[in-house]
Structures are given as structure tokens and as C-alpha cells.
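# requesting a structural model of the entry that follows:
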Amino acid sequence: MLNAQANLNHTPLAGLYIDGQWLSGSEQLTVINPATEAPLATVAGGDAKDVEYAVQAARQAFPAWSKTSGAARGVLLRKIVSGVQERRERLIELQSRNNGKPLFEAAIDVDDVIATFDYYARLAEALDGQQDSTVTLPSEDFAARLRREPCGVVGLIVPWNFPMVTTAWKLAPALAAGCCVVLKPSEVTPLPELELADIIAQSGLPAGVFNLVCGTGLAVGAPLAAHPNVAKISFTGSTAVGVQVMQRAAETIKGVSLELGGKSSLLVLADADLDLAVELASGGGFFNAGQMCSATSRVLVADELADAFLERLKARAEAIRVADPFEPEVEMGALVNQAQYQRVLGHIARGVNDGARLVCGGKRPADLPRGYFIQPTVFTDVPLDSALWREEIFGPVLCVRRFATEDEAIALANDSEFGLVASVVSRDPGTADRVANALQAGLVWINAPQVIFPQAAWGGYKQSSIGRELGPWGLQAFQEIKHVIRAAF
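Predicted structure coming up:
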């Protein structure tokens, strides 16, 4: 469907898939390759009228789709899996061109999409035996059963940092549950999402079950969040936009799931393996050019290891090859667009002005005059009230701080309005578990990279999340609970 080499001289790509048909909207979205700053394509996106059309198509499809068996829905999800597998290389290329991430990172993303749809296909197949279950009551005069039913038409709003991945995390369980969907991909990275939509369009889903409307947050996201016939909104993005989504959803008292920001910590305890700690810090801060809500951008290191750790981390950061995603042996690609590039550089400049010590990085690589590239950046001596320490930067920036005691490290890690993830590095299992239990985070890794499995929950404490994605909790997010109680006589 899409041509990764498309440019502005070609006819704009259709940015709407509604009621089983590809359509072109009135809005023109320019899609940029962040590694070259060159246009990739234009996409004809939608507006509030298109959102209305998509919601009505989903409403019409919902009664029949919600009554299909879990087994039937599982079959269709597996067809999506097969389609993604068949176009795997193409999807990897589109991700890298549109998002700026290296090919090896894009491959991880595509494989995550496959694993997620496969997992929810299995959960869908199990639903037929689980939709009704018996509830034990304290009185023999009554009998009760519990039903889990799809919540209706759902709006899914996804970000640009992991195209298709966050879509799969929402879309696969929504379809498995029996919901009908209106998806709004990011206007910054619509190309891989449109290719995925084309796969879904050819999977055999009935018309109206899956709908997609490209467009800006104002033109598409806002009316979708406020629409009275949308039963639930699931949003992943910034905390500031999440607040706006929640406010609009509140107008019609609809369900809301939010996956928002993070300012997570990696704790390097006194008995840690230094080489492992450096690799985990590098991965937690520089993977995807740091554009992760889960970035462990605050690195807390025991006093006795701090000097050696910082020396090794500096060497590791300076050795990272930053380049076009298609270059050989590239480790870090470009930031997604100019706005994000300028935002990260602004954070770095303010950090220096606040008195933080810049250890390495902080500017454009000398050999890359074009593209939104920033060197892996490490700070130390960052004031605790600095925005560099407290705010989500969403770029390749790590802040390293020493601690004297385990209690101090835990207190520093928990001193945040966010609570998404954390990492602990320690050779002692008991110590690592004790620290992990004390951290206010939804997911904690111990001596491990940021591995994510469809079977495990994703979400956090405090302002990081409302609800959970993945695992059975991701499916339950798109289900309503109904109890039926009858007299036993």
C-alpha cells in the first residue's frame, strides 16, 4: 500500500480507514524522515466529521461483533499475526524511516507486535469458557453468575515513539474482548501505522470493527475523546495531553485508561556488577534515543562505586555510534522531529544553567550536519530541584547521583510525581528484592534490561498511569462486569 520512498510530489496517501474503505481527508499531514529532515510523504488526514463517521461505523458493527465467539475473534487476530510476519521487513523499514530508530530497534518493535496479537488471540479463544462464571453467595435462596462483556466502541490514541507497539497493546485486547475501535495514530509517525492498518483491513474483520483516522490531536484526538458514543478512551502520551484527554472524556463520564510520563531510576547498589550496571544504564537511557516513558534517566549509584561507574559510563556513552538508522553498526538514531530535538537541547542548556555538570555529550555529533541527532549525554551533580532531575526529557540524557545508604537511594527514587518503572543492580537477591519492594513503580527490573512481555502488566503508580495494559489486565480494560442474581426457587 505505502511507498517508503514516497515524496511530496506524489498524491497524498489516504489517511482514513472507515467502515471497510480507504478514504482521504481534507487535512494534509507532512511526514518527515528525522534522519535526513527530508519529506517522506503526505497523508490526507481527517477532522471531527471523519471522527463522527468512524464512530457511527463502529457503533453499527458492534452488536454483531460483540456476539462473535472468542474462537472466531482469535482466528482473525491470528490472521493479523500472519500479515505482520509476511510484511515484517517492510514494517521494520517504515519504522526506521519514519521514526528515526535503528533497524535492530525497529525489528524488536515489529516482533513485539507479533507477540502481542498472538497472546491476545489465545486469550480470545479462552473467553468462550470464561464469559459466564458462577459466584458463590452466602444465601442458598439466591444464585449468581458473573458475565464479562465488551464495553462498546473504544477510542485508541497512540504516540510516535513506538509506532505499532502501543497500537498493538491496545488494539489486540480491544478486538479480543469484542469491542469496535477507532484508532488515532500519531500524525508524526503514521506510515508504519497505515501499513499495519492495511494488514488489518485484509484480515477479514467485518467492516466497521476497526477504523483509523489520521490527524492532529486537535482535529481528531479531541473530538474522539469527547464523543458521547465512545464508551472508553485509551491514551498513551504525555502527561499534559493526558490531562486534556481525561477532561474531555469526563464530559460524558466515559472510561479512561492513561499511560503517561515517567522519570524513572536505576539503582546501582554497592555490590553491583559494574559492567552490567553500565550496560543497563546505557540501555535505559539511550535506547530509542531516550524517547521512552520508561527511560531510567536518573541513575543512583552507591558512593563506593560512583567514581568508577561514572568513568565507565562516560566511555560507553562516547563510544555509541550515532548515525542514520540504515548505516552499519549504528547504535542510536535520530530524535523524531525538530520540535523534540529543540526541546531536548533546551533541557540540556537549562541543566547547565542550573549548575549541573555536563560529563559528556549535549550537542549534535560533528559528523551529522543534518537530521535530528544528539550525542548520548551524561550529567552529574544535578540539583534536586532542577527540571533536568524532575521532568521527563524524552531524549538521550542521563543524570547520575551518588547515595550513601540504601534508604537514601529508595527515598531519592520515590521522590517523583511519576512511578512507572525502576531498575535495581545488585548481586544479592535478598537485597535486590527488598529494594524492589520499596520502590513506587509498576514494573521493576533486577539485573535485567528493559524486557517487556505481553503476559506481564504495563503501567505505573502516581501520575504515570491510570489502569494497566498487557496481560489479562489489558483484556479486562476493555470489558464490563455484569452480575446476574436470581432467586433459587
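
# can I see the domain layout of this protein?
13-260+464-484, 265-453 (automatic domain parsing).

# reformat these as TSV; add mean pLDDT and mean neighbour count.
To be clear about C-beta, it is placed using only N, CA and C from the backbone, and glycine gets the same treatment. Formatted as TSV, the domains of the chain follow (pLDDT from 0 to 100; neighbours: other CB atoms under 10 Å):
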stretch	mean pLDDT	mean neighbour count
domain 13-260+464-484	97	21
domain 265-453	98	19
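
# can you give me the strands for the stretch 351-489 of the chain?
357-360, 377-380, 397-403, 418-419, 421-425, 443-446, 461-462, 465-466, 479-487 (DSSP state E, counting those that start in this stretch).

# by residue count, what's the longest helix in the protein?
Ranked by residue count and defined by DSSP state H, the top helix of the chain is helix 103-126.

# tell me which other helices or strands that helix touches.
Counting by 3 or more CB pairs under 8 Å, 6 or more residues apart in numbering; DSSP states H and E, the packing neighbours recorded for helix 103-126 are helix 70-86, helix 88-99, helix 165-177, helix 471-476.

# need the contact partners of stretch 303-321.
Identification of contacts with stretch 303-321 by CB atoms under 8 Å, 6 or more residues apart in numbering yields 268, 270, 272, 274-275, 277-279, 281-282, 286, 299, 301, 327, 329-332, 359-361, 375-378, 380, 398, 400, 402-404.

# and what of stretch 125-142?
By CB under 8 Å, 6+ apart, stretch 125-142 touches 69-71, 73-74, 143-149, 176-177, 483, 485-489.

# how far out from the middle of the chain is the longest helix of the chain?
14 Å (CA atoms, centre = their mean, to the nearest Å).

# just checking, next helix/strand downstream of it?
Next helix or strand after helix 103-126 toward the C-terminus (DSSP states H and E): strand 132-135.

# return the list of strands paired to that next one, each annotated with direction.
Applying DSSP bridges to the sheet, strand 132-135 is found paired with strand 142-150 (antiparallel).

# what's the angle between the partner strand and strand 479-487?
Taking axes from the mean of the first three to the mean of the last three CA atoms, to 10 degrees, one finds strand 142-150 and strand 479-487 inclined to each other by 160 degrees.

# hmm, back to that, quick one: the helices and strands packed on helix 103-126 as JSON lines, columns for distance to Ile200 too.
Listed next are the helices and strands packed on helix 103-126 as JSON lines, based on distance: least, CB to CB, whole Å:
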{"stretch": "helix 70-86", "distance to Ile200": "6"}
{"stretch": "helix 88-99", "distance to Ile200": "13"}
{"stretch": "helix 165-177", "distance to Ile200": "8"}
{"stretch": "helix 471-476", "distance to Ile200": "18"}
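
# closest to Leu40 out of those helices?
Closest to Leu40 of the helices and strands packed on helix 103-126, according to CB to CB: helix 88-99, at 6.1 Å.

# residues in contact with that closest one?
Under CB under 8 Å, 6+ apart, the answer for helix 88-99 is 2, 4, 31, 33-35, 40, 84, 101-103, 106-107, 109-111, 113-114, 160-161, 163-164, 189-192, 195-196, 325-326, 333, 336.

# cool, and stretch 396-404?
281, 285-286, 289-290, 297-303, 306, 309-310, 313, 317, 332, 344, 347-348, 351, 356, 359, 361, 374-380, 382, 388-389, 409, 412.

# in helices, which of those fall?
Per DSSP H, the contacts of stretch 396-404 map to helices at 281, 285-286, 303, 306, 309-310, 313, 317, 344, 347-348, 351, 388-389, 409, 412.

# phi, psi of Asp50?
phi -70, psi -40 (degrees, to the nearest 10).

# that one against Ala14, yeah?
No: counting by CB atoms under 8 Å, Asp50 does not reach Ala14; the two are 11.4 Å apart.

# alright, I will stop here.
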